[in-house]
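Colleague: Below is the sequence, then the predicted model.
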Amino acid sequence: MSTYAVVLEALVDPTRRRVLELVRDTGPAPVGVIAAALPVSRPAVSQHLRVLEGAGLVACTKDGTRHLYAVEPDGLDELRRWLDGFWDDALARFKRAAEGSEGA
Amino acid sequence: MTETAVIAPIVKSVHVACSPEHAFEVFTREVGSWWPLETHALHPGEVREVVWEEREGGEVYEISTGGERAHWATVLAWEPPTGLTIAWQTAPKAVAPTEVDVRFVAEAGGTRVDLEHRYWERLGATGAAARENYGGDGGWEMVLGRFAGRLA
């Protein structure tokens, strides 16, 4: 599966999106801090973080014995590239339609 | 709620060899002639018509071959032939609309069309009201599911 499809899949789950948003808003944080802000168990949050990490959306760093999770800024690039390509296609179609019917 | 640009706006520019008036009309009134309705519609491949209410506050919606109406967008700014802005509800229960702004600028040999599609991050909005609208069969799930389906 291509990278953008992995990113899309990772983002489809609403709880996982909340985890990502919390990580984004709080900055590098351990799983306990993230779990405390959500009505979700800590193991579930850990699982979501693993999926997000696998999709390249968050990165995990070690601070002593703690694992800190932070947003990976480039992680959404693939998705954005796909959206970008969508508009290229749509506007190319628009251009053909507009030029084909001028003066008709 | 923050609106950090998690996904930077998509900015596009295309030259069309026609007047701004004509480009504007094709973009709006004739959207059904160029929009990829077979993949990017609420009834993919089964759209009879796309209706664009040509005024601020107007609605853009599709009518399926079965006669069902499905909302696409609300017109935020309607300034023919120079530009328009729409709040695009990418799915029926999307938590918040993305925004598309299109400008039509006369230039040598025709018109430059500048398009900006922004506020993708609103799709992941965390506000309490937004969360209530999450629903299981719409919103991100539907949009992304369809995107992912097309990518597979």
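Modeller: Alright, I've got the coordinates. In this text, all values refer to a predicted model and were calculated from it rather than measured experimentally.
Colleague: Which helix or strand lies directly C-terminal to the helix or strand hosting A:Leu20?
Modeller: According to DSSP states H and E, A:Leu20 maps onto helix A:14-26. On the C-terminal side of helix A:14-26, the closest following helix or strand by DSSP H and E is helix A:31-36.
Colleague: After that next one, which helix or strand is next?
Modeller: Under the assignment DSSP H and E, the closest C-terminal helix or strand after helix A:31-36 is helix A:42-54.
Colleague: what's in contact with that next one?
Modeller: For helix A:42-54, the surrounding residues in contact (Cβ atoms under 8 Å, 6 or more residues apart in numbering or on different chains) are A:6, A:10, A:13, A:15-16, A:19-20, A:23, A:31-32, A:34-35, A:38, A:40, A:58-60, A:69. All C-beta atoms are positioned from the backbone trio N, CA, C, and that covers glycine.
Colleague: just stretch B:56-76 next, same as before
Modeller: Defining contact as Cβ under 8 Å, 6+ apart, one finds that stretch B:56-76 is touched by B:31, B:37, B:41-43, B:46-55, B:77-78, B:84-89, B:92, B:97, B:99-100.
Colleague: cutoff 10 Å now
Modeller: Stretch B:56-76 is contacted from outside by B:28, B:31-32, B:35, B:37, B:40-55, B:77-79, B:84-92, B:97-101, using Cβ atoms under 10 Å, 6 or more residues apart in numbering or on different chains.
Colleague: tell me how far the ends of it are from each other?
Modeller: Length of stretch B:56-76, first residue to last, Cα to Cα, to the nearest Å: 6 Å.
Colleague: again with stretch B:103-119
Modeller: The straight-line separation of the ends of stretch B:103-119 (Cα to Cα) is 18 Å.
Colleague: Just the CA trace of whichever helix in chain A runs longest, in CSV.
Modeller: For chain A, the helix that runs over the most residues, judged by DSSP state H, is helix A:77-100. The C-alpha trace of helix A:77-100 is given here as CSV (Å, rounded to 0.1, in the frame of the first residue of the first chain):
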residue,chain,number,x,y,z
ASP,A,77,3.0,15.4,2.8
GLU,A,78,1.9,12.3,0.9
LEU,A,79,-1.7,13.1,1.5
ARG,A,80,-1.3,16.7,0.5
ARG,A,81,0.5,15.6,-2.7
TRP,A,82,-2.5,13.4,-3.5
LEU,A,83,-4.9,16.3,-3.0
ASP,A,84,-2.6,18.5,-5.0
GLY,A,85,-2.8,15.9,-7.9
PHE,A,86,-6.6,15.8,-7.6
TRP,A,87,-6.8,19.6,-8.3
ASP,A,88,-4.3,19.3,-11.2
ASP,A,89,-6.7,16.8,-12.8
ALA,A,90,-9.8,18.7,-12.0
LEU,A,91,-8.4,22.0,-13.3
ALA,A,92,-7.1,20.3,-16.5
ARG,A,93,-10.7,19.1,-17.1
PHE,A,94,-12.0,22.6,-16.4
LYS,A,95,-9.5,24.1,-18.8
ARG,A,96,-10.6,21.7,-21.6
ALA,A,97,-14.3,22.5,-20.9
ALA,A,98,-13.8,26.2,-20.8
GLU,A,99,-11.7,26.4,-23.9
GLY,A,100,-13.9,23.9,-25.8
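Colleague: Tell me which other helices or strands it touches.
Modeller: With contacts taken as 3 or more Cβ pairs under 10 Å, 6 or more residues apart in numbering or on different chains; DSSP states H and E, helix A:77-100 sits against helix A:3-12, strand B:10-16, helix B:20-28, strand B:98-107, strand B:110-118, helix B:139-151.
Colleague: Relative to A:Leu38, how far out is A:Arg18?
Modeller: Distance of A:Arg18 to A:Leu38, given as Cβ to Cβ, to the nearest Å: 6 Å.
Colleague: ugh, wrong one, A:Glu99
Modeller: Taking Cβ to Cβ as the measure, A:Glu99 falls 52 Å from A:Leu38.
Colleague: Just the buried ones from the contacts of helix A:42-54, in PyMOL syntax?
Modeller: Of the contacts of helix A:42-54, the buried ones can be selected in PyMOL as follows, counting by 16 or more other Cβ atoms under 10 Å in any protein chain shown:
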select buried, chain A and resi 6+10+13+16+19+20+23+31+34+35+40+58+59+69
